[in-house]
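1. Quick one: sequence plus predicted model below, questions after.
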Amino acid sequence: MRFGNDKFGFRALSAAAIGLLLLLGGQAYAEPKKEFSIAWTIYVGWMPWPYAADTGIVKKWADKYGIIINVKQINDYVESINQYTTGGFDGVTATNMDGLTIPAAGGVDTTILIIGDFSNGNDGIVSKAAKTIADLRGQSINLVELSVSHYLLARALDGAGLSEKDVTIVNTSDADMVAAFKSPDTSTVVTWNPLLAEVKAEPGSAALFDSTQIPGEIIDTLMVNTEVLKDNPDFGKALAGIWYETMSVLTDPGEKGKAARTAMGELSGTDLAGFDVQLAATKLFVTPQEAVAFTESEDLVKTMDLVRTFSFDHGLLGEGAADKDAIGIAFPGGRVLGSAENVKLRFDASYMKIAAEGSL
């Protein structure tokens, strides 16, 4: 998962650059339309989208509402979010952190329409030299800088009474992570599945920390342009219908579910066994009721406060951000973290609620 086969990202465009692109070529959202597009990248929690497109589930729900929904793969995760941010797509699969640091920081009002899952072991810290997080003091740690791997490390260090000042971070591409860990020059890495499984299998390695220890903080979503959704509520209803029908197929205990997971595994470059291993480290919100409860919880507000603090401290909220309150994050019930006058990221449970009520 992540960056090509990935999902966690850098700020790829400054807020000013994104603003200029929007002025020059961005799409103006004002009138209802009939054709929409969402972008996805390879990751276990997002494979239901291409599966739904391939099996006719997308068309079924789009037809119900008299619209067209195109589901397109982008090979680079950050590029998919950049293209969404500049108006190339109406929606994109992305994490809570990247929704804040790329489109929201770039001035694009974005709604998290569906919360699909959170990482529950798919991200972790592995070392050949340390047995505990406390043992990392003074060591070099390889990770994709300014990614959720970086965030995971910061959370782990904080829990052990350490900070990033106590370690040396070595920015390493996900494509090079496994090879780096095999090198005698590298002792510790922070990465995600399937890379995580590979480094954990190396002789002498020890798993020090993983996302099960910060449950609910690395969240995988489908986010859409707020103005597009406002002008086209049927787009939101169709997306919710697609997602939860596909969830019912994915989790079917019989051959139907096995066939779906096999297909999703193949679409992501693995097999059924490999896909199931990654799925086991993912907390799926199978029903809309589960997703609504998570979205309306106080824990989500606390998580986003941690995420926005990390993002500001690392310069990811844009050059003009004076503090972590510069960008408003809205939650169900009217709660806002940060500037109420500059809300650019919204957690919206309303379409998941419609699905929960059976009213799609």
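-> Everything's here; your move. Numbers count the residues shown, from 1 in each chain.
2. quick one, what contacts residue 228?
-> Residues in contact with residue 228 (CB atoms under 8 Å, 6 or more residues apart in numbering) are 29, 36, 90, 91, 235. Backbone N, C-alpha and C define where each C-beta goes, glycine included.
3. got the residues you listed as TSV, with secondary structure, distance to residue 144 and neighbour count columns?
-> Below are the contacts of residue 228 laid out as TSV (DSSP: H, G, I helix; E, B strand; the rest coil; distance: CB to CB, whole Å; neighbours: other CB atoms under 10 Å):
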residue	secondary structure	distance to residue 144	neighbour count
29	coil	32	17
36	strand	31	22
90	coil	28	24
91	strand	24	28
235	helix	33	27
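4. and the gap between residue 53 and residue 73?
-> 9 Å (CB to CB, to the nearest Å).
5. Residue 313 now?
-> 33 Å.
6. do the same with residue 351
-> Separation of residue 351 from residue 73 (CB to CB): 23 Å.
7. ok, these two, which is more surrounded?
-> residue 351 (26 against 14; other CB atoms under 10 Å).
8. centre of the chain versus the helix or strand harbouring the more buried one, how much separation?
-> In this assignment (DSSP states H and E), residue 351 forms part of helix 350-356. Computed by CA atoms, centre = their mean, to the nearest Å, the chain-centroid distance of helix 350-356 equals 20 Å.
9. Report the buried residues of it.
-> Buried residues in helix 350-356, defined by neighbour count with 16 or more other CB atoms under 10 Å: 351, 352, 353, 354, 355, 356.
10. Repeat that for stretch 146-158.
-> Buried-residue list, stretch 146-158, by 16+ other CB under 10 Å: 146, 147, 148, 149, 150, 151, 152, 153, 154, 155, 156, 157.
11. how about the helices in the stretch 1-150 of the chain?
-> In the stretch 1-150 of the chain, the helices defined using DSSP state H, counting those that start in this stretch lie at 15-25, 48-54, 57-64, 77-85, 96-99, 148-159.
12. Which of these sits closest to residue 229?
-> When the helices of the stretch 1-150 of the chain are compared by CB to CB, helix 77-85 sits nearest residue 229, at 13.1 Å.
13. what packs against the closest one?
-> Counting contacts by 3 or more CB pairs under 8 Å, 6 or more residues apart in numbering; DSSP states H and E, helix 77-85 packs against strand 35-40, strand 91-95.
14. TSV please, covering those strands and showing distance to residue 134.
-> What follows is these, written out as TSV (distance: least, CB to CB, whole Å):
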stretch	distance to residue 134
strand 35-40	39
strand 91-95	28
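15. circling back: which of the contacts of residue 228 lies closest to residue 217?
-> Nearest to residue 217 among the contacts of residue 228, with distances taken as CB to CB, is residue 91, at 22.6 Å.
16. Do me a favour and get the end-to-end distance for stretch 267-286?
-> 20 Å (CA to CA, to the nearest Å).
17. So what touches it?
-> Residues from elsewhere that reach stretch 267-286, judged by CB under 8 Å, 6+ apart: 1, 5, 42-45, 47, 50-51, 54, 115-122, 193-194, 197, 211, 215-216, 220, 247-248, 250-251, 258, 261-262, 264-265, 291, 294.
18. circling back: what's the helix holding residue 351 packed up against?
-> Looks like helix 350-356 contacts strand 110-119, helix 233-250, helix 288-295 (3+ CB pairs under 8 Å, 6+ apart).
19. Having no further points to raise, I will conclude here.
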